[in-house]
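>>> would you be able to build a 3D model of this:
(one chain, ligands or ions: 1)
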Amino acid sequence: MTPKNYILLGPPGSGKSTQAELLREVLNLRHIDIGSELRAVAEEDTPFGRALNDIIHRQHMLASDDIMKTVFEQAIRRVPETQGILLDGAPRRSSQIDEVLQVFQSVNRSVSKVIFIDLPEAESISRISKRYLCFGCRRPYILGKDLLTADVACSVCGGKIGQRKDDTTEGVRKRFQIFQSETLPVIEYFEKEGLLLRIDGKREAPAIFQDIREKINMA
Ligand SMILES: [Zn+2]
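Just a heads-up that it's a prediction; the model follows:
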């Protein structure tokens, strides 16, 4: 049987990483997360790794479409022919669509479906702005669930609890807007191609996962 290949898309707070983990496990897919691939390559002591490290850590720039393509190519070649793929973190913008499709094609694969976990901006902001963590031991906390106020010390290490800059209301709003302006056109493209599975992300993770599985099986 030809293995299936999926692309996973969703705004901040959509629970994409939880779903990726479930899909990887249950469908035995190889999860290629472009963000982690980029960070791993940037640690390598090679000319490409050192150049990428410089871009990410010294120039604080996003990796270009070319770099994304190279890293994705390297990752996809390591996947056995018989195993399906779950691509996460690309294409982030229209200019990356062709590149991603070319890489799949170069190893004789095609995209079976694009899974889009849809979440409105208000929900994205309310979910992420509740995320706190201990700056000491990095233990995550959810405000209103694990914490009544952020004004307490970490129960594990006594460290200070706070928010990542990206997770403040302003930070999430900005990330969501980038998603809207850059990634929404990608979603529209795949919808026109008849490849899009739109999943309602306003539910708990198990319900979302069940929905994805049902839609994949029907497709
Ligand atoms: Zn701690």
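
>>> spell out which parts of this protein neighbour the ion.
Taking C-beta under 5 Å from the ion as the contact definition, the chain meets the ion at 134, 136-137, 139, 154, 156-157, 159. To be clear about C-beta, it is placed using only N, CA and C from the backbone, and glycine gets the same treatment.

>>> which of the residues you listed sits closest to residue 214?
residue 139 (34.8 Å; C-beta to C-beta).

>>> near the residue nearest to that closest one when sequence neighbours are not counted, how many residues? Count them for me, please.
Distances taken as C-beta to C-beta, 6 or more residues apart in numbering place residue 156 nearest to residue 139, at 5.3 Å, with adjacent residues excluded. When counting by other C-beta atoms under 10 Å, one arrives at 11 neighbours for residue 156.

>>> check residue 99 too.
By the measure other C-beta under 10 Å, the count of residues near residue 99 is 17.

>>> shaky segments in the chain?
Counting by pLDDT under 70, the chain has low-confidence residues at 219.

>>> which residues in it form strands?
Here the chain has its strands, by DSSP state E, at 5-9, 30-33, 85-88, 113-118, 131-134, 140-142, 161-162, 196-200.

>>> make a markdown table from those and add mean neighbour count to it.
As requested, the strands of the chain are exported to a markdown table (neighbours: other C-beta atoms under 10 Å):
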| stretch | mean neighbour count |
| --- | --- |
| strand 5-9 | 24 |
| strand 30-33 | 19 |
| strand 85-88 | 23 |
| strand 113-118 | 22 |
| strand 131-134 | 18 |
| strand 140-142 | 13 |
| strand 161-162 | 18 |
| strand 196-200 | 17 |
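
>>> out of those strands, nearest to residue 59?
When the strands of the chain are compared (using C-beta to C-beta), the closest one is strand 30-33, at 22.2 Å.

>>> just the C-alphas of the closest one, formatted as PDB.
The C-alpha coordinates for strand 30-33 follow below in PDB (Å, rounded to 0.1, in the frame of the first residue of the first chain):
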ATOM      1  CA  ARG A  30       7.000  10.200  10.400                       C
ATOM      2  CA  HIS A  31       6.500  13.600  12.000                       C
ATOM      3  CA  ILE A  32       8.700  16.200  10.200                       C
ATOM      4  CA  ASP A  33       8.500  19.400  12.200                       C
END
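
>>> rewinding a little: restricted to helices, list the residues of the chain next to the ion.
Among those, none falls in helices (DSSP state H).

>>> just the buried ones from these, in ChimeraX syntax?
A single ChimeraX command selects the buried members of the residues of the chain next to the ion (16 or more other C-beta atoms under 10 Å):
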select :134,154,159
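
>>> how many other residues sit next to the spatially closest residue to residue 18 that is not a sequence neighbour?
Nearest residue to residue 18 in three dimensions, chain neighbours excluded: residue 205, at 4.9 Å (C-beta to C-beta, 6+ apart). Residues lying near residue 205 (other C-beta under 10 Å) number 13.

>>> all good on my end, thank you.
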